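Colleague: build me a model from this:
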Amino acid sequence: MLRIIHTDTDDLDNPLHGGQPVRTYEINKRLVQHHRIMVLTSTYTGAKREIIKDNIRYRRIGIRVPGWGLSPHLSFLALLGPQIKMMPHDIIIEEFTPPLGFCLLPLWTHKPVVCMIQWYFFDQWERRYKLPFSRFMSLIAKRGIYRYFIVQTNAMGETVRKLIPSAIIKKIPCGINKGCFFEPGTSRDFVLYLGRLERIQKGLDTLLEAWKIVCSKKKIPLVIAGDGRDRQYLEKLAGSYGIQEQIKFVGKAGNALKRELLRSCRFLVMPSRSETFGIVALEAMAAQKPVVAFNIEHLNEVLSQDWGILINPFDVQKYADSILCLWNNPEHCRTLGKRGQKEAKNYLWDRMAVEQERFYYEVLKENGV
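Modeller: Numbers count the residues shown, from 1 in each chain. Down below sits the predicted model:
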């Protein structure tokens, strides 16, 4: 039995969480059957300091200063090392964490540290806070204190290799549960967007622009499921484009609503400008629904023209034309959907958990444990 500490600033119970804590939970839910696992995560409004979820112990550290968005991240980073030093452990899994990426945990332990990269969006943080976070990260990488990495795509592996040529890198993608696979229901004739409401990274401004183009030819209903700080902006933008009648914002989608939306939509749109994997695309594939996306790094390792539609970044006119074309060809939708579901069967959490556990043991063996 291993004593595993997993550090992840994102929290599955945080209303604004992304895909990162989903993986943290799904992998550890399986590994905790044989190991003792503590997840150290940051705080948020209304958070309890410690909970147990499916035998995984979660401890929230740090403070939140109202009006200072960086406070949970910076206080988490400041307190993380001392917490690690006080806790017995055999291995540490360190999530690459905004705003600096590395948490410097190898300086606080003599045990192996595996860096898990699911976040890599320095440009957004630098635009927001006017600080050179990626430069700081590169300086830390050059110190040579990190050796082991888990990445989700080949492209991310290449990025890590350029930073740390001697790194030992294991590619283990995200996964999905068997319950994500189902036959599509009766189509309610709408297109679905599913995810955080962020206009820059998620490209929702380009989606609404494409919808303005589509609606000039054929008014296609769009359901936007999710929440985020840009919802009000996007609702106003839809109004300014005169397309508010075709767009329905349904808010955060729990498991039941998400399943129903995936079952009954015609296809999914994913206009992201950047992703490090694209788990929503994988969920759509499992539900036999094709995805219309821009051909961007990382996401194009999940999607393929064989089971989706990939558009040159960021050609909004072509994106709109592809939406209209796919909408007018339901039979092609079904063909792409069946191919996508077949591919999605290669991504199951059970398999990913086995691969991740195996890598832990490889790391420990190399370190003489």
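Colleague: could you pull out the buried residues of stretch 101-111?
Modeller: Neighbour-count burial for stretch 101-111 flags 101-106, 108-109, 111 (criterion: 16 or more other C-beta atoms under 10 Å). (Each C-beta comes from the backbone N, C-alpha and C, glycine too.)
Colleague: the residues you listed into a markdown table, with extra columns for distance to W211?
Modeller: Converted to a markdown table, the buried residues of stretch 101-111 look like this (distance: C-beta to C-beta, whole Å):
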| residue | distance to W211 |
| --- | --- |
| G101 | 35 |
| F102 | 40 |
| C103 | 40 |
| L104 | 44 |
| L105 | 44 |
| P106 | 47 |
| W108 | 49 |
| T109 | 50 |
| K111 | 51 |
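Colleague: list phi and psi for P184.
Modeller: The phi and psi values for P184, taken as degrees, to the nearest 10, are phi -70, psi 140.
Colleague: tell me the secondary structure for the nearest residue to T97 once chain neighbours are set aside?
Modeller: Nearest-residue entry for T97: T9, 4.8 Å, with adjacent residues in sequence omitted and distances by C-beta to C-beta, 6 or more residues apart in numbering. Of the three states, T9 takes coil according to DSSP: H, G, I helix; E, B strand; the rest coil.
Colleague: before we move on, the earlier item: which one among the buried residues of stretch 101-111 gets closest to I311?
Modeller: G101 (29.8 Å; C-beta to C-beta).
Colleague: list the contacts for the closest one?
Modeller: By C-beta atoms under 8 Å, 6 or more residues apart in numbering, G101 lies in contact with 119-120, 122, 133-134, 136-137, 140.
Colleague: which stretches of the stretch 151-300 of the chain form helices?
Modeller: Along the stretch 151-300 of the chain, the segments classed as helices by DSSP state H, counting those that start in this stretch run 154-163, 204-215, 231-241, 255-264, 279-286.
Colleague: who does the helix or strand of the chain at the bottom of the mean pLDDT ranking touch, helix- and strand-wise?
Modeller: Lowest on mean pLDDT, DSSP states H and E among the helices and strands of the chain sits helix 122-129, with a mean of 86. In terms of contacts (3 or more C-beta pairs under 8 Å, 6 or more residues apart in numbering; DSSP states H and E), helix 122-129 is packed against helix 133-142.
Colleague: check which residues of the helix it packs on are buried.
Modeller: The neighbour-count check on helix 133-142 (16+ other C-beta under 10 Å) flags 133-134, 137, 140-141 as buried.
Colleague: mind checking how far it is from the chain centre?
Modeller: Here the centre of helix 133-142 is set off from its chain's centre by 22 Å, with C-alpha atoms, centre = their mean, to the nearest Å.
Colleague: okay, now the unreliable bits of the stretch 51-200 of the chain?
Modeller: By pLDDT under 70, the low-scoring segments of the stretch 51-200 of the chain are 67-69, 186-187.
Colleague: and the end-to-end length of stretch 284-300?
Modeller: One end of stretch 284-300 to the other measures 15 Å (C-alpha to C-alpha, to the nearest Å).
Colleague: just the mean pLDDT for that stretch, thanks.
Modeller: Averaging pLDDT along stretch 284-300 yields 97.
Colleague: what separates I176 from D10, distance-wise?
Modeller: 19 Å (C-beta to C-beta, to the nearest Å).
Colleague: now do the contacts for T9.
Modeller: With C-beta under 8 Å, 6+ apart, T9 has these contacts: 41-42, 72-73, 76-77, 95, 97-98.
Colleague: hmm, try it at 6 Å
Modeller: Counting by C-beta atoms under 6 Å, 6 or more residues apart in numbering, T9 touches 42, 73, 76, 97.
Colleague: what do you get for Y148?
Modeller: 114, 168, 363.
Colleague: still on that earlier bit, residues in contact with the least confident helix or strand of the chain?
Modeller: Helix 122-129 has contacts (C-beta under 6 Å, 6+ apart) with 98-99, 133-134.
Colleague: ok, these vs A210, which is closest?
Modeller: Among the contacts of helix 122-129, P98 lies closest to A210 (C-beta to C-beta), at 28.9 Å.
Colleague: let me see the contact set for the closest one.
Modeller: 119, 125.
Colleague: so how far is T7 from it?
Modeller: Note on P98: its distance to T7, by C-beta to C-beta, is 13 Å.
Colleague: then L31?
Modeller: According to C-beta to C-beta, L31 stands 15 Å off from T7.
Colleague: who's more crowded, those two?
Modeller: The neighbour comparison of L31 against T7 (other C-beta atoms under 10 Å) goes to T7, with 25 against 19.
Colleague: which pLDDT value belongs to the closest residue to the more buried one other than its chain neighbours?
Modeller: Of all residues not flanking T7 in the chain, L40 sits nearest, at 4.7 Å (C-beta to C-beta, 6+ apart). Here the pLDDT value assigned to L40 is 97.
Colleague: three-state assignment of L40?
Modeller: Looking at L40 with three-state DSSP, the answer is strand.
Colleague: please, which helix or strand holds R57?
Modeller: strand 56-61 (DSSP states H and E).
Colleague: check which element follows that strand along the chain.
Modeller: Later in the chain than strand 56-61, the nearest helix or strand by DSSP H and E is helix 71-86.
Colleague: what about the longest helix along the chain, average pLDDT?
Modeller: Criterion DSSP state H: the longest helix present in the chain is helix 349-366. Helix 349-366 carries an average pLDDT of 97.
Colleague: from the contacts of Y148, which would you call buried?
Modeller: Neighbour counting with 16+ other C-beta under 10 Å marks 114, 363 as buried within the contacts of Y148.
Colleague: turn the contacts of Y148 into JSON lines, columns for distance to G185.
Modeller: JSON lines is the format used below for those (distance: C-beta to C-beta, whole Å):
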{"residue": "V114", "distance to G185": "41"}
{"residue": "I168", "distance to G185": "45"}
{"residue": "V363", "distance to G185": "44"}
